[in-house]
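Novice: pasting the sequence and the predicted coordinates here, then a few questions.
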Amino acid sequence: MTVPPHDGNLLAAPLPQDRIALDPAFGTRFMLFVDTEEEFDWNAPFSRTGHGVTALSGMARGQAYFAAAGVKPIYVTDYPVVDCDVASAMMAQWVSDGAADIGAHLHPWVNPPHVEEVNAANSYVGFLPEAVERAKLEALCRRIEERFGQRPIAYRAGRYGVGPNSARLLAQAGFRLDSSVRSRFDYSHQYGPDFCGLPQTPYWAGPERTLVELPLSTAFVGLLRGAGERLYRAAHSMGPLAGALSRARMLSRVPLTPEGISASEAIAAIDALIEEGVPILNFSFHSPTLEPGHTPYVRDEADRTAFYGWWDTVLAHLAKRGVGAASLDQFLNAVPMRIEACQAA
């Protein structure tokens, strides 16, 4: 039987030779990606209207906090935010100051061209027709270039919604890095991608393997974490068992985010990922969380105080473990050239 060649798409596990071994001098580091997007009602059906870009003072406060902590966030930014004069000017100043980087984030229902029906299935851009995904991606890249003077090189699909064509389209558009793969999560029950079984460590993607995939970081913690994903999926197929295991602190799935995750859970996940040998811990959250009232995670000022308290605790633990912050450039500079590229040169 002939085995079809691996096309480097983001829904398939990478080949062993596509795993990336970072420069040993890089050590273990962490990065922060902020999904920078419009505010909308997360409980309402998707809509092209009824959203806003108003959480700007919260974003400014967040940026000041992270800059003071020595963290250079990557703001993967969607069309409504880029299209907002005040937001784009504020973020352009951060970039000019060398305090932040700008990437791309695509919510198809608010990103031109508006040619598809707006519904849950079509909220995953990677599952739209290839021509539509390409056109939306190009429209977003052009708008970012108009606002910031250069095309983005880092990408995260809204709702982590990459599909079978995404890696190829991203490489063709000039992207160097994607961070859409949310390893250990399965969104197929809601029309999205299934990332179960994919790595926590970076790897090459795309037909020519020119795109670096940096998965979001998620750990299994608890006494049974050695059984990991296999046991977690089996438990979820058995109804309440997964919840019982989590409450008993036997097995929990913990993504590195302040949204819905306690600081103690995050610390356990950090330690587990370090023990797994993961060289880059990839944190993320949504920009509307920086201002009360826009997401379920920060509903009021007390929640916002708790949000920054979470970061104080987590950053202190990272420092204790010797895990420093890395910028986008620092990470990409630690990625070695592929052997094939070296031979071609």
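Specialist: Okay, I see it.

Novice: what's the nearest residue to Cys196 if we skip its chain neighbours?
Specialist: Asp186 (5.1 Å; CB to CB, 6 or more residues apart in numbering). The C-beta positions use only the backbone N, C-alpha and C, and glycine is treated the same way.

Novice: who are the packing partners of whichever helix or strand Phe33 is part of?
Specialist: Using DSSP states H and E, the element containing Phe33 is strand 29-36. Other elements packing on strand 29-36 under the criterion 3 or more CB pairs under 8 Å, 6 or more residues apart in numbering; DSSP states H and E are helix 56-68, strand 74-77, strand 101-106, strand 154-157, strand 280-286, strand 324-325, helix 328-333.

Novice: if you set the cut-off to 7 Å instead, what comes out?
Specialist: strand 74-77, strand 280-286, strand 324-325 (3 or more CB pairs under 7 Å, 6 or more residues apart in numbering; DSSP states H and E).

Novice: most packed of the ones you listed?
Specialist: Of all the helices and strands packed on strand 29-36, strand 74-77 carries the top mean neighbour count, a mean of 26, counting by mean count of other CB atoms under 10 Å.

Novice: just give me how far it sits from the chain centre.
Specialist: 9 Å (CA atoms, centre = their mean, to the nearest Å).

Novice: and the angle from the helix or strand where Gln93 lies to strand 29-36?
Specialist: Assigned by DSSP H and E, Gln93 belongs to helix 85-96. Interaxial angle of helix 85-96 relative to strand 29-36 (axes from the mean of the first three to the mean of the last three CA atoms, to 10 degrees): 160 degrees.

Novice: mind saving the C-alpha coords of helix 85-96 as CSV?
Specialist: Coordinates of each C-alpha in helix 85-96 appear next as CSV, following Å, rounded to 0.1, in the frame of the first residue of the first chain:
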residue,chain,number,x,y,z
ASP,A,85,-8.0,54.3,14.0
VAL,A,86,-7.5,54.8,17.8
ALA,A,87,-6.6,51.1,18.4
SER,A,88,-4.2,50.8,15.5
ALA,A,89,-2.4,54.1,16.4
MET,A,90,-2.0,53.0,20.0
MET,A,91,-0.6,49.6,19.0
ALA,A,92,1.6,51.2,16.3
GLN,A,93,3.3,53.2,19.1
TRP,A,94,3.9,50.1,21.1
VAL,A,95,5.6,48.5,18.1
SER,A,96,7.6,51.7,17.5
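
Novice: picking up where we left off before, sheet partners, orientation included, of the strand holding Phe33?
Specialist: strand 74-77 (parallel), strand 280-286 (parallel), strand 324-325 (parallel) (DSSP bridges).

Novice: which outside residues touch the second one?
Specialist: So that's strand 280-286. 29-35, 37, 179, 202, 214-217, 256-259, 270, 273, 295, 323, 326, 331 (CB atoms under 7 Å, 6 or more residues apart in numbering).

Novice: mind showing which ranges of the stretch 151-300 of the chain have poor pLDDT?
Specialist: Counting by pLDDT under 70, the stretch 151-300 of the chain contains low-confidence ranges at 223, 226-227, 231, 234-235, 241, 245-246, 248.

Novice: just the strands in it please.
Specialist: 154-157, 177-178, 203-205, 211-213, 218-221, 252-255, 280-286 (DSSP state E, counting those that start in this stretch).

Novice: return the residues in contact with Lys163.
Specialist: Careful, residue 163 is Gly; it's not Lys. Leu11, Tyr124, Gly126, Phe127, Pro193.

Novice: so among those residues, which ones count as buried?
Specialist: Neighbour counting with 16 or more other CB atoms under 10 Å marks Tyr124, Gly126, Phe127, Pro193 as buried within the contacts of Gly163.

Novice: determine which two of the residues you listed are furthest apart.
Specialist: Spatial extent of the buried ones among the contacts of Gly163 (CB to CB) is set by the pair Phe127 and Pro193 at 8.0 Å.

Novice: nearest residue to Asp23 other than its sequence neighbours?
Specialist: Counting by CB to CB, 6+ apart, the residue nearest Asp23 is Ala334, at 4.3 Å.

Novice: and that neighbour, how many neighbours?
Specialist: 20 (other CB atoms under 10 Å).

Novice: and it, how far from Ala326?
Specialist: 8 Å (CB to CB, to the nearest Å).

Novice: which residues touch the closest residue to Thr201 other than its chain neighbours?
Specialist: Spatially, and ignoring its direct neighbours in sequence, Thr201 is nearest to Val278 (5.8 Å; CB to CB, 6+ apart). By CB under 7 Å, 6+ apart, Val278 lies in contact with Gln200, Thr201, Ser217.
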